[in-house]
Structures are given as structure tokens and as C-alpha cells.
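In: My questions are about this predicted structure, shown below with the sequence.
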Amino acid sequence: MQNDPDAGGPPFPGETSNGAFQGSAQGSAQGSAGGSITARAMAGLRRGQADYLEGLNPEQRRAVETTEGPVLVLAGAGTGKTRVLTTRIAHLVATGRARPYDILAVTFTNKAAREMKARIGTLIGAEGEGMPWLGTFHAIGTKILRRHAELVGLKSDFTILGTDDQLRLMKQVILDQNVDEKRWPARALSHAIDGWKNRGLLPDQVPAGEAQAFAFGKGGALYTAYQARLATLNAVDFGDLLLLCLRLWRTHADILEGYQRRFRYILVDEYQDTNVAQYLWLRLLAQGHRNVACVGDDDQSIYGWRGAEVDNILRFEHDFPGAAVVRLERNYRSTGHILAAASGLIAKNESRLGKTLRTEDEPGERVTVSGAWDSEEEARQLAGEIETLHTKKHPLSEVAVLVRISAQMREIEDRFVQLGLPYRVIGGPRFYERAEIRDALAYLRITANSADDLAFERIVNTPKRGLGDATLQALHAHARAERVPLLLAARRMVETDELKPKVRSTLRAFVEAVGRWTKAVETMPHTELARTILEESGYTDMWQKDRSADAAGRLENLKEFVRSMEEFPDLAGFLEHVSLVMEATEAEGADKVSLMTLHAAKGLEFDTVFLPGWEDGLFPNQRALDESGRAGLEEERRLAHVGLTRARKRARLSFAVNRRIHGLWSSTIPSRFLDELPPGSVEVIEAPAHFSAGASRFDRNPAPFGSSYGTPGWQRAQANTGGGFGRDRAPGGRSGGPREIEGELVARSSGPASSFADGMRVFHTKFGPGTVAGIDGNKLTVDFDKAGRKMVLDSFVQPG
DNA sequence: TAAGGTAATTTTTTT
DNA sequence: AATTACCTTA
């Protein structure tokens, strides 16, 4: 790698393999009137220009051409961020400043890495191996760790654990340390450890107070024990892939220096999403040549809840003194009104570096806001509108519905199914996360590596063989005492009389089967081996016998799984890929509506975007507010900004006045974000004619929000919907018929906030009779005769 | 051991 | 409402 025979080429744009210079000259010849072709080409050459730089705006160009020293590129939504990144790499290579393998380019997702690879491929013609150091933080971390595994106490073929394996391991550790798993569930502790790892903290670096706050003061001990277990299994979790790099570099300065020297140029995508560990990782590497370019957008930081530090981007200039800061503010995606709405909203955030997106596109349609009686109606409305668009030849693949939480998807999907509207859900449980795939993987893992205890445990009784808890306990005891893997322990125990005859023979059959498969690794093609294993183990049989609805789908997934193995040369190669790239390759191209969460939508764009559920509590999400206060609100606002900026031509916001939350109907008020939108770019839509009869108050009374949007009337409506509308809507029926809403509102706003009082006897449809014990706005605390003390919404309680 | 019932628990998600 | 984890019982 250090000595590349092809590396000596001169830094001369005209001679790069893609023919950039020639292409430019020809292009000019076509459109040029005069005879100065050569002169102009030479001039361009002198300035180091090639046609990959053409079409960049001045800021983009600066971001590409400022190659030396630290650079922070603040790239707003739709400003050509990826283009800048890829062009920058092409530029570095084309001008001879670096060879592809001198450049470290990190992304967060495999998808982003893949896209960047493809785009660089078309720019400089170097495919695949051309950029060995382009990848996700974790992929590159893995690559580095495999080279120096022994220095951090691992073998170079260590396995990378997924989340479920992690949890399984944590459970064992908890058991070992005699911690009550009821009080301290494995999930919580795993999460804590993840958090520490995200902050770059090894077990001995965790602040003592913090470590003691977990598991009766044993937090630190558990972390240490967990790491020890990982080491004995020759395994790492995702956090380790970065954390152990840090440890390696801190303890072996020579190795660090090697990497610092190797990476002449460093590029980071989505910098606003980096956590502390990633930040430290980068900072160590960047100490060498200090040519680090970070591209990000503080206004699109939406992963604070999983450890991303917006601060990293906010203090870049402080960390890298003398850094050049380039702002990309010209948006090439959205029309004027959409951009104005998004900008106006995000301007309400206080902690931001500040950018003002602008466009030279036409204003276009205004962002629409519409209300619905309840979430079902909202779904009907939205689906109806999509159908209308579709009949007007709007491709469905250019329509997206972005929701705050996945629970919102259900009603929308139901409606789509009813109408026969083709749709696809993006995100959700990943292919490799599905139970059947993890099971199949576990079979392959135990076959490839007989010491993989976690895999063994997962499938020893899947399908059910009668090897339950008791058997596993015995195996564990033996394995621990002898310090051998479970499979080996099992192999020994079937030679003794420790186990009951029946269990013994089943276990023997299982152990022998695994042995057979392991032998077959050498002789049998790996896809055939996989098929054999799934067949012989009875695993496919298990699903074939399963009568549940999704069994067929699972079998289909298994087939797809085996098929996907074909792309890899052997079993080991496949397993390596799978541990890091946990995603399915989705069939693209079909004309379908996309349905996803706002988080999943980052980086995507569509002509038309629907954003349902803009209600306080849902969006901004109450929990985010409760847990992170103002910072939480700002992150929610950034999420709204991300949602709006996904739209090229049309953005449609909506809210429902009643929504089912955890199965209970609650009345809701429109999101505060709606009020923060610049009124000039917003159009409030009144009820379309196709509303189902009587379902909407907009039908009979067209103007509760109507043209008076933003006026005191709107404000008042907002202030009162919570207490006002819901009351008429006891679950199970619309008692009393339609109301004159406007009159009701006025009356309400001057009247008392609640018609309940402490000590009043009330009746709740679900919890039955009870006594009011407290009132907080529209929430009542009620001591129910049967159900005990509950917090309920007054709309479901009747005086009684 | 495994099925079946009950109680608890609900954001966002990548690697 | 729906999923899921846990606990009881056959």
C-alpha cells in the first residue's frame, strides 16, 4: 500500500485517466465562435481548472479548492453537499495532491459510502479499490483494528456483535455479578455502556459517580466484566470499533503516527452527527497533516438522542484554529415558499451557526396546512390527495409521507391498502435484524466458528428440540468451569451421564450435525452449505409448519438470504460483510409512495412531501421535551426543518384534533411549529369536498382556522381545542351531534378551564367510577374505585 | 419443557 | 391497540 507502482504520475489534470482536459477542450470547440480554444484551455489549465469544477457556484468552488488546512463546510439542505465532497476528492486526485489511498473519507451509513464511491467512480474513473479508505466510521475502524488486533487483546478474526447479541451477553454478565435484573434490565445497562463508549470512555475512564449510579454502584464493574466477556469471546460491539482504535492509538504512538502520515487528506460527511468518540478518533488522525474537511449542517442535527454532539460542529473553529469556514446557502432543490417556510422555522432556534438558504427558483406553491377531525380522517385526506396527484400523472415515486413516529404509519398504511395505493415503507426493522435471518446467521456462525457461544445459545433450541433452560444451565456450568466454548462443553457432556438419556441423544445429534457442517465448509460451496444447514437443522421445516401469517414471508426472506450469499467468495467473507452492513438491498424503481419517519428521510428528496401529525405532544414530541427541554425542542424543530426541506415542489402539513395515543383517544392541539411558519409562505386549506359526511367540523363551519390563520382567532382556537373539542367525543360515539364550534369556543375561552372539581365523583368509560383528586389543565388525576389512581384526560370523564 | 395467559410498556436509529 | 416480556400451569 505504501509503495504503489502506479503512484508516480504527474499532477497534471490533462493527463488523468478520465480525460478531463480533453473533454473540456472538445466541449469548448462546440460552443465557441472564436479561435481561442487553445488559449482558453491553457488558461484553464494554468488555473488548475478542469471540467469537474464547472457548474460549481463560488462557495462550492471554495469548499473544493481550499485543500490545505482545516475546513468546515456548512452545507444547508439541498446545497450540493455530496457534490462538494466528491468533487473535492476528485480535485485532490486530479491535481496530484493526493492519491486515492492517501485520502480518508468517512460517512455514517453504508448507503452514503456507497453513493459516494459511485459518484467518485464517475468523476475520476477509479472504482472500488481506488478508495480503500472511504467508508463508515465503523468499517474503517474495523479495518484498522484487524491489522493490530493483538495489541488490543483480540485475534484478527474477531466477530462483531449485533445489538441482540450484545443484550444476550449483558444478561449473562448481570447474572454473573449478582445484580437483580428486574431492577436493572440488560437493556438499560447496555444502553449506559453504549453511552460511555460513544463518549470515548474505557471502563476505567468512566467518572466514578456516574459508574456508581448504575446497578447499585456496580455500573463500573459491569462494564469491566462485559468487556472481559467480549475479550474471551474474541468479539467486539459496535462501540468498540472506535473505542479500541482510540486505545490502540493512545498506547502505541508509532501506530498512530503511521496513520497520521498516511491520511494526507481527511473528509467527513454529516459532521453534525459525530459523537464524542468519533470526534476524538478524527482529531487524533487529523493531528498529522491537519488537512481535515468536515461537511455538515447544524440545522440537520437530529441524532442528539443517540450521542451526536452538535457541539462538535459548533466549536470546530475553536478546535481547529485557523479553520476556513465555507457556507453553502444556495439551495438547488426547493421552490421559494418551501424554503422560506423551512428557513423561517429554523430561525427560531438559538443554538445554531446561522445560515440563510436562498434559491433562484420560482416561489412555487405555498406550503399548505390542513386540519382533520382525527388521525383516520387525516390519513383519508392525505391518501385522497395522493390519488388526485396520481391521476394527474404525478409519479408516486416522487411522493413521500414523513411521520414523526412509526406508530403513525399504521393508519396511513391501512388507508393505502384500502385504496390499493402502492407504497413502500422505508426503514423499519432491517433485513438482517429479523429473527429468521439472525437465526440463519447464527447457524452459519457456529459452523464457521465453534467458539461462538452466542450463536450456539441462539439456535441450540431453535427449532424446539427439547434442549431448554435446564440443559443450557448445565452446559454453562461445565463451559465456565473448564473455560471452553459451549459447543465443546456440549460435545463432552454427551459422553457422560450428566444429562437425561433423551436430552443426551438430542444434544449429541445436534453437536454431530454442527461438526458435519464445519467439515463441509472446506468442500461444499457456501450457498449450498447454507441450504443444507437450514434443511438438516429443521429450521426451514419449522417455518413451513408454522401457520402464522408471516411464516411465508420469513421463508421468502431465508431464500433471499441464501441468494445474497452468492455475491461473496466464501462463508468467512460473507459473515464479515454482514456484521457491518446490516441492510437489505431493496428493489428500486417501482412507482410507489414512500412512507417513512422523518429521521429516515434525511438525505432524500421528493417532489411532493406530506407531513402529517403536526400536533403538540406528537411533534414536537412530548418525550423529547421532557427529557431534553429546550435542546429537545430545538432538535424537534430541526427535524421539522429536515422534513420541509425534503420537498422540491410541494409540502403539505396537517394535524388532527383527535388522535389515538396508546389506544386511547386524546384531543390534541396543533403544533406550535405551525405558528412559527412565515404566514406569507403558508396556505391554510379548508375541508375538501370529499370529506366523509359529518366527520369534520370544517364541513359545516368553514372558518375556525380558515383565513384567520395566525390571527387571534387561530390562537384562541389553539388554546381551546385541547379542552373543548374532545369533551364532545366520548369514545364510542359522537354524542349530541355536531356542534356550533365557533360559539362553543368563545364560550369556553371565557369560562372556567375545567368543569371538574376536586372530590367530584366521575365516571370513566374504561376505568369506571372514581373520585377526582387533582386537576391540571385538561388532565385529571382520579382515584378510581377499581383501577386505582390514574392520570386521565377530562374528555373521557363524565361527571357521575 | 412449552404453551397460554397476564401484566407492563410504548420516539426517533446506525453501525 | 398492540406488542412483548414474564409467569403460571399442564
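Out: Alright, I've got the coordinates.
In: alpha carbons only for contacts and neighbour counts from here, please
Out: Noted.
In: Please give the element, helix or strand, for A:Val295.
Out: A:Val295 is part of strand A:292-296 when elements are defined by DSSP states H and E.
In: hey, where'd the strands end up in the stretch 151-300 of chain A?
Out: Listed in chain order, the strands of the stretch 151-300 of chain A (DSSP state E, counting those that start in this stretch) span A:159-160, A:235-236, A:265-268, A:292-296.
In: The helix or strand just after the last one and DNA strand B in contact?
Out: So the one you mean is strand A:292-296. Moving toward the C-terminus from strand A:292-296, the next helix or strand (DSSP H and E) is helix A:310-314. No - Helix A:310-314 lies out of reach of DNA strand B by CA under 7 Å from any atom of the strand, never closer than 14.6 Å.
In: Not counting its own residues, what contacts helix A:310-314?
Out: Contact with helix A:310-314 is made by A:271-276, A:279, A:296, A:298, A:301, A:304, A:352-353, as judged by CA atoms under 8 Å, 6 or more residues apart in numbering.
In: Determine how far whichever helix or strand comes after it lies from the middle of the whole chain.
Out: As assigned by DSSP H and E, the chain's next helix or strand after helix A:310-314 is helix A:316-319. Its chain's average C-alpha position is 27 Å from that of helix A:316-319, according to CA atoms, centre = their mean, to the nearest Å.
In: List the buried residues of helix A:316-319.
Out: A:316-317 (16 or more other CA atoms under 10 Å).
In: what's the closest of the strands of the stretch 151-300 of chain A to DNA strand B?
Out: DNA strand B sits nearest to strand A:159-160 of all those, at 9.4 Å, using CA to the nearest atom of the strand.
In: ok now the closest one, how far from the chain's centre?
Out: Centroid separation for strand A:159-160 versus its chain: 21 Å, with CA atoms, centre = their mean.
In: Helices of the stretch 1-150 of chain A, start to end?
Out: In the stretch 1-150 of chain A, the helices defined using DSSP state H, counting those that start in this stretch lie at A:20-31, A:37-46, A:58-65, A:81-94, A:110-124, A:137-147.
In: residues contacting the residue in the stretch 351-500 of chain A that DNA strand B sits nearest to?
Out: Residue nearest to DNA strand B within the stretch 351-500 of chain A: A:Gly468 (3.1 Å; CA to the nearest atom of the strand). A:Gly468 sits next to A:Asn461 when contact means CA under 8 Å, 6+ apart.
In: go again using 10 Å as the cut-off
Out: The contact partners of A:Gly468, taken as CA atoms under 10 Å, 6 or more residues apart in numbering, are A:460-461, A:503.
In: The closest residue in space to A:Asp240 that isn't next to it in sequence: what's it in contact with?
Out: Taking CA to CA, 6 or more residues apart in numbering, and ignoring the residues beside it in sequence, A:Asp240 has A:Lys197 as its nearest neighbour in space, at 7.1 Å. By CA under 10 Å, 6+ apart, the residues touching A:Lys197 are A:191, A:203, A:206, A:237-244, A:275-277, A:307.
In: Settle this for me: A:Lys111 is touching A:Thr136, isn't it.
Out: Yes - counting by CA atoms under 10 Å, A:Thr136 is a contact partner of A:Lys111 at 9.2 Å.
In: Do stretch A:656-674 and DNA strand C come into contact?
Out: Yes - judged by CA under 7 Å from any atom of the strand, stretch A:656-674 comes into contact with DNA strand C through A:662-664.
In: And DNA strand B, is that stretch touching that?
Out: Yes - Stretch A:656-674 reaches DNA strand B (CA under 7 Å from any atom of the strand) through A:His662.
In: Report the buried residues of that stretch.
Out: A:656-659, A:665-674.
In: Out of those residues, flag the one nearest to DNA strand C.
Out: Taking CA to the nearest atom of the strand as the measure, DNA strand C lies nearest A:Trp665 of the buried residues of stretch A:656-674, at 8.6 Å.
In: phi, psi of the closest one?
Out: Backbone torsions of A:Trp665, given as degrees, to the nearest 10, read phi -70, psi 130.
In: To DNA strand C, which of the strands of the stretch 151-300 of chain A lies closest?
Out: With CA to the nearest atom of the strand as the criterion, DNA strand C lies closest to strand A:159-160 of the strands of the stretch 151-300 of chain A, at 21.4 Å.
In: ok, how many other residues are close to A:Gly515?
Out: Residues within reach of A:Gly515, counting by other CA atoms under 10 Å, total 16.
In: Out of the contacts of A:Lys197, flag the one nearest to A:Gly55.
Out: Nearest to A:Gly55 among the contacts of A:Lys197: A:Asn275, at 34.0 Å, using CA to CA.
In: and the closest residue to the closest one other than its chain neighbours, what are its phi and psi?
Out: Setting aside the residues directly before and after it, A:Asn275 is nearest to A:Ala308 in space (CA to CA, 6+ apart), at 4.2 Å. Dihedral angles of A:Ala308 (phi, psi; degrees, to the nearest 10) stand at phi -70, psi 140.
In: For A:Ala308, give its distance to DNA strand C.
Out: 26 Å (CA to the nearest atom of the strand, to the nearest Å).
In: where exactly do the helices run in the stretch 601-750 of chain A?
Out: Along the stretch 601-750 of chain A, the stretches classed as helices by DSSP H, counting those that start in this stretch are A:622-644, A:672-676, A:697-700, A:712-724, A:741-750.
In: how far does stretch A:230-244 stretch from start to finish?
Out: 12 Å (CA to CA, to the nearest Å).
In: Pull out the buried positions in it.
Out: So stretch A:230-244, judged by 16+ other CA under 10 Å, has buried residues A:230-231, A:233-244.
In: Quick check: A:Gly573 is in a strand.
Out: No - with DSSP: H, G, I helix; E, B strand; the rest coil as the criterion, A:Gly573 is helix rather than part of a strand.
In: Let me know whether it touches A:Leu444 as I believe.
Out: No - in this structure, A:Gly573 is not within contact of A:Leu444 by CA under 10 Å, at 12.0 Å.
In: what about these two, which has more around it?
Out: Between A:Gly573 and A:Leu444, counted using other CA under 10 Å, A:Leu444 has the larger neighbour count: 25 against 12.
In: tell me which element the more buried one falls in.
Out: Using DSSP H and E, the element containing A:Leu444 is helix A:435-448.
In: Let me know the next secondary structure element after that helix.
Out: Next in sequence after helix A:435-448, counting helices and strands by DSSP H and E, comes helix A:453-459.
In: okay, A:Asp298: pLDDT?
Out: Per-residue confidence (pLDDT) for A:Asp298: 92.
In: near DNA strand B, which residues of the stretch 301-450 of chain A?
Out: A:303, A:305-306, A:404-407, A:427-428, A:430.
In: Write out the residues of chain A neighbouring DNA strand C.
Out: A:182, A:662-664.
In: will you turn those residues into CSV that also has pLDDT?
Out: What follows is the residues of chain A next to DNA strand C, written out as CSV (pLDDT from 0 to 100):
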residue, pLDDT
A:Lys182, 76
A:His662, 85
A:Gly663, 82
A:Leu664, 85
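In: Among those residues, give me the pair with the biggest separation.
Out: Spatially, the most separated pair among the residues of chain A next to DNA strand C is A:Lys182 and A:Leu664, at 28.2 Å (CA to CA).
In: and the spatially closest residue to A:His641 that is not a sequence neighbour, how many neighbours?
Out: Closest residue in space to A:His641, ignoring its immediate chain neighbours: A:Ala342 at 5.2 Å, by CA to CA, 6+ apart. Applying other CA under 10 Å, we find 26 other residues in the vicinity of A:Ala342.
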